[in-house]
Structure formats: structure tokens, C-alpha cells
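# Could you work out the structure for the sequence below:
(2 chains)
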There are 2 protein chains.
Amino acid sequence: MSKAQHTRDRIIEQAAKLFNQQGFAGVSMSALMAATGLKKGGLYNHFASKDELAIAAFNYSVQLASQRQFAAMRCQRRADDRLRAMVQTFVDNFDEISAWGGCPLMNTAIDSDDAHPQLREHARLAMNRWRELIEHIAQKGVERREFASQTDPRMVATIVISVLEGALALARLDGDRLPMQQAQTHLDSYINSLVWAPDTS
Amino acid sequence: MSKAQHTRDRIIEQAAKLFNQQGFAGVSMSALMAATGLKKGGLYNHFASKDELAIAAFNYSVQLASQRQFAAMRCQRRADDRLRAMVQTFVDNFDEISAWGGCPLMNTAIDSDDAHPQLREHARLAMNRWRELIEHIAQKGVERREFASQTDPRMVATIVISVLEGALALARLDGDRLPMQQAQTHLDSYINSLVWAPDTS
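Sure, this is the predicted structure:
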């Protein structure tokens, strides 16, 4: 890795938390200079604009979060176990996600929706990747008869993501992890309800 | 109402949508001047600071949203019907909420959590009022034996709010109301599962 590439990566890492906590408009050039220890010219050597740095920082934050998810699910085979592992990882990482300023997907979705079309598009693509991962797991579950045939994979993705992200926002607002535990209880029971039960009547 | 009070209210109305769409840091003094048609001095005649105006604007946005909720629930008696009416109203108002820039509670919770402690506190109080309203409905439902005795009112509030707010963020990001409809289907079935069923075995 070249020295320039190394410096670029270091800037992204140091800016990512700041953007996630303060939102795009809330991050000033002087805050970026303080976080990275670089002067304005040094930052512009590596990024053409604040927008370019914000997008790289967002993608870095999302990558960190999705690596955790993948690592947890890799050990599981059955669709219900894989979804439960995803939920468990999200809930277990509450302190880590909180220290980072919340979920980068949700933060950027809400921060950028009316304010920054480019960032919004990156948030949309990242959210779609998460949704498609859950859809894929649920679809495989149906094909392998682990999930009931009437399972709607798109619906499963909407419910899992909504409950996790909504509960995270509640938990962070109250500084209390209870909503996360309640989300997990609810989703575990929802995932159980998807499991194919042979008709024994 | 005095002329000063009237002007103050007009400023709040015109600033509320702007703050909800752009977030606190994203709203500049010049944008506030453009939205209200007032000069800086005119704005400072009515509000001591941008913070004071942002808090008044947030409370106005929340009041608009909760009036809709109350109007819909007032016609219902049973706890399950009241919760269903709340969900229905939220889903039916997707276009209106979207044009306003999303749910002011969730926007302000996420916008302010690491950036603006005062606004965060107002978001927390408003979210608590919504949560307590749902808890109250669920508690009454248990007392009247409309809901099963093991119903946990706090859990009901977490799930209803998380699913609605999470799905709203997904729907807005994709510009597609499908997640809202899926949220309603899921919550209707969840609310049904709370209803007290006499043991006929």
C-alpha cells in the first residue's frame, strides 16, 4: 500500500465516526482538520470535496457493521439460525454501535433524505444490500423447506430491519438497552413463526 | 392573539418543515430568512436564538402529528381497535409525513443525539409521551380483559413504534410505500395476538 493510500485510509477512519455522529451538515472543515490532524490543503490532496470524503466515510462505517453481521452468520446453516444470529449480533453490538453514533445506514438515510441526494443514494444502495441479504436467506429457507412456503422474503426483510433500527433509535434516545432486548424477543418469536411445521392433523 | 404572537406562530410554522427536512445543522440563517420572509433582526425579535426557534418548530411538528393520531383513536373504544387505528393513521399519512420530511420524532432523535443535547431532550420527552400513550392503551386493555393478562405494555409500545418508524425510514429511502403496508400487516397480526382468548380447552 502506498503512503498516499495509507493516509487516505487513515483520514476515512478518523472522519467516519465524526460524520456518523454529527451528520453531513454538522461536520465543519475545522472539525475534520482537528479529527485528522491535517490542514485543509492536506485533506484536499486526498479528497476533492467534503462530499467525496463523507461518501467514503459512510461506506467505511457500513463495511465495519456488515463485517460483524457476516462473521456471526457464517457459522449458521439453517435460515432461522442465520436470521437469529443476525439479530443477536445487532443487539449484542449496542454499545459499540452507540459509541459510533448509531447505525450509519439509518443515520445517513434520515440525515440525507431531503438534504444530500448523493449520500442518500449510497444509503439506499447499502440498505438494499442488507435487505437483499435477508431476502436471500429467507428464500433459501423456503426452498429447503426450513420456512413455510407462504413466507414472503421481502416482508421478512422489512420486519427484521424495521424492528432492529426502530428499537436502536429508541434505546439510544433513552440511553437504555431495554428496547433492544424487546426487539430481540419479538424477532425471535417472529422468526419461529416462519419455520415450516409439517401438518400433523 | 397579539400581532407579535401571530408573527411568532407564523415563523414557527414556516421554519418547522425546513428544520424537519434539513436537520438543525443543515438550516442556515439565510434559509430561515428566505422561508419566513423576515430579516435576521426580525427573527431575533421573536426568538433569542436558532436553538429556541428549532425547539419551538420541533414541538409544533410533533403536535401536528399527534393531533392526527388522537383524532383517529378517539372514535375507538377497545384497546386493539385503538392501536389498529393508530397504526392505520400513521400508514395512511405516509404522503403527508413524507412531504414534511419524515417523522419529526425520529428525525430529531437521530439528528440531535450526538449533536444537540437540548433538542435531544425534547425528542426524548415527545417519544416518551407517545410510548406512554401506547402503554396506557395496552394497560387498559389488560384491565378490561381485552388483552391477555401476560401482555407487557412497555413491550407493545416498543414494537409498535419501532416497526412504524423503521418501516417509514425504509419507505422514504426507497420512495415506495410497500414497507409501510408490510408494517401494517405485521402490526395488525401482532395486535391480534395480544387479544385475550378465553381458554376453551
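# Other residues contacting stretch A:173-183?
Under the contact criterion CB atoms under 8 Å, 6 or more residues apart in numbering or on different chains, stretch A:173-183 has outside partners A:87, A:91, A:94, A:163-164, A:166-168, A:170-171, B:109, B:113, B:120, B:123-124, B:127-128, B:154-155, B:158-159, B:162. (C-beta placed from N, C-alpha, C; glycine too.)
# Narrow the residues you listed to those that are buried.
Neighbour-count burial (16 or more other CB atoms under 10 Å in any protein chain shown) is assigned, among the contacts of stretch A:173-183, to A:87, A:91, A:94, A:163-164, A:166-168, A:170-171, B:109, B:113, B:120, B:123-124, B:127, B:154-155, B:158-159, B:162.
# Take those residues and keep only those in helices.
A:87, A:91, A:94, A:163-164, A:166-168, A:170-171, B:109, B:120, B:123-124, B:127, B:154-155, B:158-159, B:162 (DSSP state H).
# how about the helices of chain A, start to end?
Taking DSSP H as the test, the helices found in chain A are A:3-22, A:29-36, A:40-46, A:50-73, A:79-92, A:94-99, A:104-112, A:117-143, A:153-174, A:178-194.
# Packed most tightly, which of these would that be?
Of those, the one with the most neighbours on average (mean count of other CB atoms under 10 Å in any protein chain shown) is helix A:104-112, at a mean of 27.
# Now find how far off-centre that helix is within its chain.
10 Å (CA atoms, centre = their mean, to the nearest Å).
# Next, the angle helix A:117-143 makes with that helix.
Using axes from the mean of the first three to the mean of the last three CA atoms, to 10 degrees, the inter-axis angle of helix A:104-112 relative to helix A:117-143 is 140 degrees.
# Could I get the average pLDDT for helix A:104-112?
Helix A:104-112 comes out with an average pLDDT of 91.
# Only C-alpha atoms, please: export it in CSV.
In CSV, the C-alpha atoms belonging to helix A:104-112 read as follows (Å, rounded to 0.1, in the frame of the first residue of the first chain):
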residue,chain,number,x,y,z
PRO,A,104,-24.7,4.5,9.8
LEU,A,105,-27.4,3.3,7.5
MET,A,106,-30.3,4.8,9.4
ASN,A,107,-28.4,8.0,10.3
THR,A,108,-27.4,8.7,6.7
ALA,A,109,-30.8,7.7,5.4
ILE,A,110,-32.5,10.2,7.7
ASP,A,111,-29.8,12.8,7.6
SER,A,112,-29.6,12.9,3.8
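# now what about that helix, what contacts it?
Identification of contacts with helix A:104-112 by CB under 8 Å, 6+ apart yields A:16, A:20, A:23-25, A:58, A:61-62, A:65, A:101, A:119-120, A:122-124, A:126-127, A:130, A:165, A:168-169, B:23, B:102, B:106-107, B:110-111, B:169, B:172-173.
# what's the angle between that helix and helix A:153-174?
80 degrees.
# relative to helix A:50-73, how tilted is helix A:104-112?
On the basis of the same axes, to 10 degrees, helix A:104-112 is oriented at 150 degrees to helix A:50-73.
# A:Val142 touches A:Ser149, doesn't it?
Yes. If you go by CB atoms under 8 Å, A:Val142 and A:Ser149 touch, sitting 6.1 Å apart.
# Where does pLDDT dip in chain A?
Along chain A, the parts satisfying pLDDT under 70 run over A:199-201.
# and if we set it to 50?
The model of chain A has no residue with pLDDT under 50.
# A:Val156 and chain B: what is the separation?
Look at A:Val156 and chain B: by CB to the nearest CB, to the nearest Å, they are 9 Å apart.
# Give the full set of residues in contact with that residue.
A:Leu83, A:Ile134, A:Glu135, A:Ala138, A:Leu194.
# Can I get those residues in JSON lines including distance to chain B?
JSON lines is the format used below for the contacts of A:Val156 (distance: CB to the nearest CB, whole Å):
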{"residue": "A:Leu83", "distance to chain B": "15"}
{"residue": "A:Ile134", "distance to chain B": "12"}
{"residue": "A:Glu135", "distance to chain B": "12"}
{"residue": "A:Ala138", "distance to chain B": "13"}
{"residue": "A:Leu194", "distance to chain B": "12"}
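# Now the two most distant members of those residues.
Using CB to CB, the two most remote members of the contacts of A:Val156 are A:Glu135 and A:Leu194, lying 12.9 Å apart.
# Distance check, the residue nearest the centre of chain A against A:Leu64.
What sits nearest the mean C-alpha location of chain A, by CA atoms, centre = their mean, is A:Leu105, with 4.9 Å. Distance, A:Leu105 to A:Leu64, by CB to CB, to the nearest Å: 12 Å.
# Nearest spatial neighbour of A:Pro104, chain-adjacent residues omitted?
Excluding its sequence neighbours, the residue lying closest to A:Pro104 (CB to CB, 6 or more residues apart in numbering or on different chains) is A:Ser61, at 3.7 Å.
# wouldn't that neighbour be in contact with A:Glu96 here?
No. A:Ser61 is beyond contact range of A:Glu96, at 11.8 Å (criterion: CB under 8 Å).
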